[in-house]
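Student: predicted model and sequence below, questions to follow.
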Amino acid sequence: MNANAHDIVPTHLAVQAMRDNGYKNAAYAIAELMDNAIQADASQIELLCGERKQQVEGRRRSRIEQIAVLDNGRGMDANVLRLALQFGNGTYIDEDKHTGIGRFGMGLPSSSISQCQRVDVWSWQNGIENVLHSYLDLDEIKNRRMTEVPEPTAKPIPIISRNISQNFGDSGTLVVWSKIDRCIWRTGKAIIDNSEFVIGRMYRQFLNSGQVKIRMVAFDLDALYNLIVEKYALPNDPGYLIEKTSCPTPFDNQVMFRPWEGDTSYEATYKINFKEKEHDVKVRFSYAKEEARQAEPGKNPGDLPHGKHAAKNVGVSVVRAGRELDMDTGVVIAYDSRERWWGVEVEFPPSLDDIFGVTNNKQSARNFAELLEFEIESLLENGKTITQLKEELQEDEDPKAPLLDIAHKIKTQLSVIRRLLQAQTKGTRTTEKRHDPYKPEKVATTVTQERKSQGHKGKSDEDEELPKEERKQVIKETLKEEGVTETKAELLAATTVDDGLKYTFVEAPLDTPAFFSVKPRGGAIIVTLNTNHPAYQNLVEILEEDVDKADIDTLRSRLINSLDGLKLLLMAWARYEDEQPDGKRKENAQDNRIDWGRVARRFLENEL
């Protein structure tokens, strides 16, 4: 058959180009077939990976030869089967049918050719004896022997699949990939090992509810009863709020995180008006329990099995119709290992696909991803409000406008959660193992009392006469706002008030360029070191890190680096003072330096 020389899209060339359609790997392509099964109300899905020994570089090695996905869903008649193998066609194209996982009519053919050169589909209704078959073959398309999807015909299901499967129902579908040439994993075991994590995360809601079971099998095509791997997918919840999951012990049968607001329901629901209808978008936040972050001798919690599991689940989980599209890392601080200890999930209905910018391979929501990387905070610092930013996007007819509130909520809430995580393990640091961890606070309190007797007054002094319990509550709530855990905030507040301390000193990541913050609350002065500031890393953290295990050369190096950090900090002030214009501002800067120096001298005269 000869194609028309003036076809807008020459089929034999277009299909070859579609092979590079952006699937991240075979696991995401396989997921498209599982989407179809779930859309067809399947309760059992099987991933069947057949391999065979081949001669490779003088040695016999196992190589994948077939990948199949079998389901016990509704099956397809001849018309629907033919549609399913067409690119851009299907039964869920119409807008009024955008309610489930399917939509774009690209899943089966597009995912298949991304991994192999031939895909065969068997489907049946009202009994296995009524099975129909059709296929696509890239060689036939390339040579122009295939210009349309072959009309489905009766053809028995391969005996191999029937022997390996556990569940051929009265209706169902079997998709088989062969002539596999683009799968990066060479064996059935490798495919299952690498797919299990992603598939468990994508379909966690379906697996957890029991709506679907996913069996995964790797087998030798020359010895059908020799199963190399057989397992069932377990839910993989990046928010770690599902009890029974693939997370390693001790969190395989209990949740590892807790919901931000003490409930397993979504913390925030946003109403979005689109095409004259109202649609819900739900956002959930979670963070690690303190016991999940307790270190073992010689090991950080991040090096433990559950910590390594969490390290592969970092980001904002974007969920559409109960199925994860993407784990977006746009808000992740890549260099901070603590990022594994929080979870954010955003779930939206398919009716908002255009708003979120869902790609046709269902691997990302582009509009939402762009918004998460949008510098909202810097624009707000310039005096704009969220409402003004949204109006600007709406004026530009930007589809991201309705999502601005959600992105802002995620970013601001994450700042608070990060502070909590920063404070969560402070009680175990070596600097807090000193004989008297409150000695600096006691010294500063003594000097402050002397200054008060000399007539120097501070704003915090006004609340010293309040009832003790009231003072504790105010200090506790302020510390929690700074990111300190409930337990530690309560302890610090009680210690501060009961021991008559004037100062409470904590460390947390702050959303400010300042090295530290000062908050007079409850008759005390709460000083928070900004752990996001380079001065913290060069002056504080460098000395605190495993001091008790460091040798003398390491300690000497750290002291030198810390001294360099102090010099740079002082030179930064010198430059700031130098840049002030002549006149009152420069005089104020100089006076502030002198006044602060007097107070600092008095504080430091008491040797630590």
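Tutor: Received the coordinates, thanks. Predicted model only: the values in this text are computed from it and were never measured.

Student: now the strands for the stretch 151-300 of the chain?
Tutor: With strands called from DSSP state E, counting those that start in this stretch, the stretch 151-300 of the chain shows them at 153-154, 172-180, 213-220, 223-232, 257-259, 268-274, 277-288.

Student: nearest to Ile128, of the ones you listed?
Tutor: strand 172-180 (8.2 Å; C-beta to C-beta). For glycine as for every other residue, the C-beta is placed from the backbone atoms N, C-alpha and C.

Student: looking at this, Gln54 is in a strand?
Tutor: Yes: counting by DSSP: H, G, I helix; E, B strand; the rest coil, Gln54 is found in a strand.

Student: tell me how far the closest residue to it other than its chain neighbours lies from Asp193.
Tutor: Of all residues not flanking Gln54 in the chain, Arg63 sits nearest, at 4.7 Å (C-beta to C-beta, 6 or more residues apart in numbering). Going from Arg63 to Asp193 by C-beta to C-beta, to the nearest Å gives 16 Å.

Student: Glu395 now?
Tutor: Counting by C-beta to C-beta - Glu395 and Asp193 are separated by 50 Å.

Student: these two: which has the busier surroundings?
Tutor: Asp193 (15 against 9; other C-beta atoms under 10 Å).

Student: the more buried one and Ser286: what is the separation?
Tutor: 27 Å.

Student: thinking again about what came up before, can you redo the strands of the stretch 151-300 of the chain as JSON lines with mean neighbour count, distance to Tyr240 and mean pLDDT?
Tutor: Listed next are the strands of the stretch 151-300 of the chain as JSON lines, based on neighbours: other C-beta atoms under 10 Å; distance: least, C-beta to C-beta, whole Å; pLDDT from 0 to 100:
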{"stretch": "strand 153-154", "mean neighbour count": "10", "distance to Tyr240": "49", "mean pLDDT": "96"}
{"stretch": "strand 172-180", "mean neighbour count": "22", "distance to Tyr240": "33", "mean pLDDT": "96"}
{"stretch": "strand 213-220", "mean neighbour count": "21", "distance to Tyr240": "20", "mean pLDDT": "95"}
{"stretch": "strand 223-232", "mean neighbour count": "12", "distance to Tyr240": "20", "mean pLDDT": "85"}
{"stretch": "strand 257-259", "mean neighbour count": "19", "distance to Tyr240": "4", "mean pLDDT": "93"}
{"stretch": "strand 268-274", "mean neighbour count": "14", "distance to Tyr240": "19", "mean pLDDT": "90"}
{"stretch": "strand 277-288", "mean neighbour count": "19", "distance to Tyr240": "6", "mean pLDDT": "94"}
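
Student: so can I have TSV of those showing distance to Leu304?
Tutor: Formatted as TSV, those follow (distance: least, C-beta to C-beta, whole Å):
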stretch	distance to Leu304
strand 153-154	55
strand 172-180	37
strand 213-220	26
strand 223-232	23
strand 257-259	15
strand 268-274	32
strand 277-288	12
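
Student: relative to Arg19, which of these is closest?
Tutor: Checking these against Arg19 by C-beta to C-beta gives strand 172-180 as the closest, at 12.4 Å.

Student: given the closest one, what are its sheet partners and their directions?
Tutor: For strand 172-180, the paired strands and their directions (DSSP bridges) are strand 59-71 (antiparallel), strand 116-124 (antiparallel).

Student: does Gly315 really touch Ile333, like I thought?
Tutor: No: using C-beta atoms under 8 Å as the test, Gly315 is too far from Ile333 to be in contact (11.3 Å).

Student: looking at those two now, which is surrounded by more residues?
Tutor: Taking other C-beta under 10 Å, Gly315 and Ile333 do not tie; Gly315 has more neighbours (19 against 14).

Student: so what's the gap between stretch 175-183 and the chain middle?
Tutor: 30 Å (C-alpha atoms, centre = their mean, to the nearest Å).

Student: quick one on the thing from earlier: number of nearby residues for the residue nearest to Gln54?
Tutor: Arg63: 15 surrounding residues under other C-beta under 10 Å.

Student: residues touching it, list them.
Tutor: Arg63 sits next to Glu51, Arg52, Lys53, Gln54, Val56, Arg186, Thr187 when contact means C-beta atoms under 8 Å, 6 or more residues apart in numbering.

Student: now do the buried residues in stretch 308-327.
Tutor: 309-310, 313-327 (16 or more other C-beta atoms under 10 Å).

Student: try stretch 586-606
Tutor: Ala589, Phe603.

Student: identify the residues contacting that stretch?
Tutor: With contact meaning C-beta under 8 Å, 6+ apart, stretch 586-606 is reached by Val443, Ala444, Thr446, Val447, Glu450, Arg451, Trp573, Tyr576, Glu577, Gln580.

Student: could you give the mean pLDDT of that stretch?
Tutor: For stretch 586-606, mean pLDDT is 77.

Student: next: stretch 494-505.
Tutor: Rounded mean pLDDT across stretch 494-505 is 88.

Student: return the alpha-carbon coordinates of it using PDB.
Tutor: Extracted C-alpha coordinates of stretch 494-505, given in PDB (Å, rounded to 0.1, in the frame of the first residue of the first chain):
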ATOM      1  CA  ALA A 494       8.800  25.600  81.600                       C
ATOM      2  CA  THR A 495      12.500  25.800  82.000                       C
ATOM      3  CA  THR A 496      12.700  29.500  81.000                       C
ATOM      4  CA  VAL A 497       9.900  30.600  83.400                       C
ATOM      5  CA  ASP A 498      10.600  28.200  86.400                       C
ATOM      6  CA  ASP A 499      14.400  28.800  86.300                       C
ATOM      7  CA  GLY A 500      13.900  32.600  86.000                       C
ATOM      8  CA  LEU A 501      15.800  32.800  82.700                       C
ATOM      9  CA  LYS A 502      15.500  35.800  80.500                       C
ATOM     10  CA  TYR A 503      16.500  34.100  77.300                       C
ATOM     11  CA  THR A 504      15.400  31.100  75.200                       C
ATOM     12  CA  PHE A 505      17.800  30.100  72.500                       C
END
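
Student: from the chain's centre, how far out does it sit?
Tutor: A distance of 38 Å separates the centroid of the chain from that of stretch 494-505, by C-alpha atoms, centre = their mean.

Student: and it, what's buried?
Tutor: Under the neighbour-count criterion of 16+ other C-beta under 10 Å, stretch 494-505 has Thr495, Thr496, Val497, Leu501, Lys502, Tyr503, Thr504, Phe505 buried.

Student: excluding its backbone neighbours, what's nearest the last one?
Tutor: In space, and not counting its chain neighbours, Phe505 is closest to Val527: 5.1 Å by C-beta to C-beta, 6+ apart.

Student: quick check: neighbours of the host helix or strand of that neighbour in the sheet, parallel or antiparallel?
Tutor: Using DSSP states H and E, Val527 falls within strand 524-530. When sheet partners are counted by DSSP bridges, strand 524-530 sits next to strand 503-508 (parallel), strand 516-521 (antiparallel).

Student: what's downstream of it, the next helix or strand?
Tutor: From strand 524-530, the next helix or strand downstream (DSSP H and E) is helix 534-536.

Student: number of residues surrounding Asp137?
Tutor: Look at Asp137: counted by other C-beta under 10 Å, it has 17 neighbours.

Student: isn't it right next to Cys116, touching?
Tutor: No: in this structure Asp137 lies outside contact range of Cys116 using C-beta under 8 Å: 10.0 Å.

Student: just to revisit the earlier point, deepest of the strands paired with strand 524-530, which one?
Tutor: Of those, the one with the most neighbours on average (mean count of other C-beta atoms under 10 Å) is strand 503-508, at a mean of 22.

Student: check contacts around Thr512.
Tutor: Per C-beta under 8 Å, 6+ apart, neighbours of Thr512: Asn530.

Student: now with 10 Å, please.
Tutor: Counting by C-beta atoms under 10 Å, 6 or more residues apart in numbering, Thr512 makes contact with Thr528, Asn530, Asn532, His533.

Student: which one of the strands of the stretch 151-300 of the chain lies closest to Glu490?
Tutor: Closest among the strands of the stretch 151-300 of the chain, using C-beta to C-beta: strand 257-259, at 17.0 Å.

Student: that closest one pairs with which strands?
Tutor: strand 277-288 (antiparallel).
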